[in-house]
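Novice: Structure here, sequence nowhere to be found:
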């Protein structure tokens, strides 16, 4: 099931109705929660699963060679060249996402979304890295081979779910909703983002106090944060340290059942570029599609 608001500015999940329907109609229900584990997965596991009483049997963590090299300091224009040194430097970002998911007690399958510019050495390095940390690993070649390229991943996920079903679930949330709002924010900041702490602007202090005063102190928190970094600063790549999360405001979403926390300079109304990619996509009379990326 795919389709939901962006996890950098909202909860990043599809509706409970869609998930429950999928669970009734199929043996396996797979739902996407993006961007990233620090945003999409945290909100899915701490907010949606809590409200719906869901206990996921497995989590699929998706990575790419290019993204890891980018986190290792490689410019976007040079990501296609093999660079094991940059990969070794940037894979700390993947390591942190793995560590975070392990805190929820859910089995992890790391899948590498493979592209033609990747090399076997890069794939093997990431495979060994994941397996050394107790994660299953599967290479997804859907980009090049379509559905056939996803068979290995599907089998790994099914095997992982079978093992999970045979034992007692260890799934848990990382914070108790009965805690004060600021304390819930601090737990996420320290446990998920690796921040040293949290700072609150006067506006944030005022908003949180008002929300708690009218009885909504016990709701989960939905943090709006950049998807480009574990911190609230999009330029801090890899596994940043020695930083604090800055909370500038808070807003009650009583109908949805959570409090939205605004951090850094995150914009809550994302827009398309002046010339979106759709302008370059076309299809000829023979059904050949051009302009996809």
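Specialist: Everything's here; your move. Every value quoted in this text rests on a predicted model; they were computed, and no experiment measured them.
Novice: Longest helix in this protein, by number of residues?
Specialist: The helix spanning the most residues in the chain, taking DSSP state H as the definition, is helix 151-165.
Novice: buried set for it?
Specialist: Under the neighbour-count criterion of 16 or more other C-beta atoms under 10 Å, helix 151-165 has 153, 156-157, 160-161, 164 buried. C-beta here means a position set from N, CA and C on the backbone, and glycine is covered the same way.
Novice: What's the first helix or strand after it?
Specialist: Sequence order places helix 181-191 as the next helix or strand after helix 151-165, per DSSP states H and E.
Novice: what helices or strands is that next one leaning on?
Specialist: In terms of contacts (3 or more C-beta pairs under 8 Å, 6 or more residues apart in numbering; DSSP states H and E), helix 181-191 is packed against strand 197-200, helix 202-213, strand 221-224, strand 244-253.
Novice: now the first one: mean pLDDT?
Specialist: Meaning strand 197-200. Average pLDDT, strand 197-200: 96.
Novice: Deepest in the core, which of the helices and strands packed on helix 181-191 is it.
Specialist: For those, average neighbour numbers computed from mean count of other C-beta atoms under 10 Å are highest in strand 221-224, which has a mean of 25.
Novice: Can you tell me the strand partners of it and which way each runs?
Specialist: Note on strand 221-224: by DSSP bridges, its sheet partners are strand 258-263 (parallel).
Novice: in stretch 64-80, what counts as buried?
Specialist: Using 16+ other C-beta under 10 Å as the burial criterion, the residues of stretch 64-80 that qualify are 64-72, 74, 79.
Novice: Give me the residues contacting that stretch.
Specialist: Residues lying outside stretch 64-80 but in contact with it, judged by C-beta atoms under 8 Å, 6 or more residues apart in numbering, are 83, 85-94, 112-115, 117-118, 122-123, 126, 237-238.
Novice: So among those residues, which ones count as buried?
Specialist: 83, 86-87, 89-91, 93-94, 112-114, 118, 122, 126, 237-238.
Novice: Select from those every entry located in helices.
Specialist: Judged by DSSP H, the subset of the buried ones among the contacts of stretch 64-80 located in helices is 86-87, 89-90, 93-94, 122, 126.
Novice: Can I get these in JSON lines including pLDDT?
Specialist: Compiled in JSON lines, those are given as follows (pLDDT from 0 to 100):
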{"residue": "86", "pLDDT": "94"}
{"residue": "87", "pLDDT": "93"}
{"residue": "89", "pLDDT": "94"}
{"residue": "90", "pLDDT": "93"}
{"residue": "93", "pLDDT": "93"}
{"residue": "94", "pLDDT": "94"}
{"residue": "122", "pLDDT": "95"}
{"residue": "126", "pLDDT": "95"}
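Novice: Show me the two of these that sit farthest apart.
Specialist: Every pair in these was compared (C-beta to C-beta); the two farthest apart turn out to be 93 and 122, at 15.0 Å.
Novice: where in the stretch 151-293 of the chain is pLDDT low?
Specialist: Along the stretch 151-293 of the chain, the model assigns pLDDT under 70 to residues 166-168, 270-272, 293.
Novice: Spell out for me which residue occupies the centre of this protein.
Specialist: Closest residue to the average C-alpha location of the chain: residue 36 at 2.0 Å, with C-alpha atoms, centre = their mean.
Novice: Counting by contacts, list what the longest helix of the chain packs against.
Specialist: Helix 151-165 packs on strand 108-113, strand 136-140, going by 3+ C-beta pairs under 8 Å, 6+ apart.
Novice: Direction included, what does the shortest one pair up with?
Specialist: Sheet neighbours of strand 136-140, with direction, are listed as strand 108-113 (parallel) (DSSP bridges).
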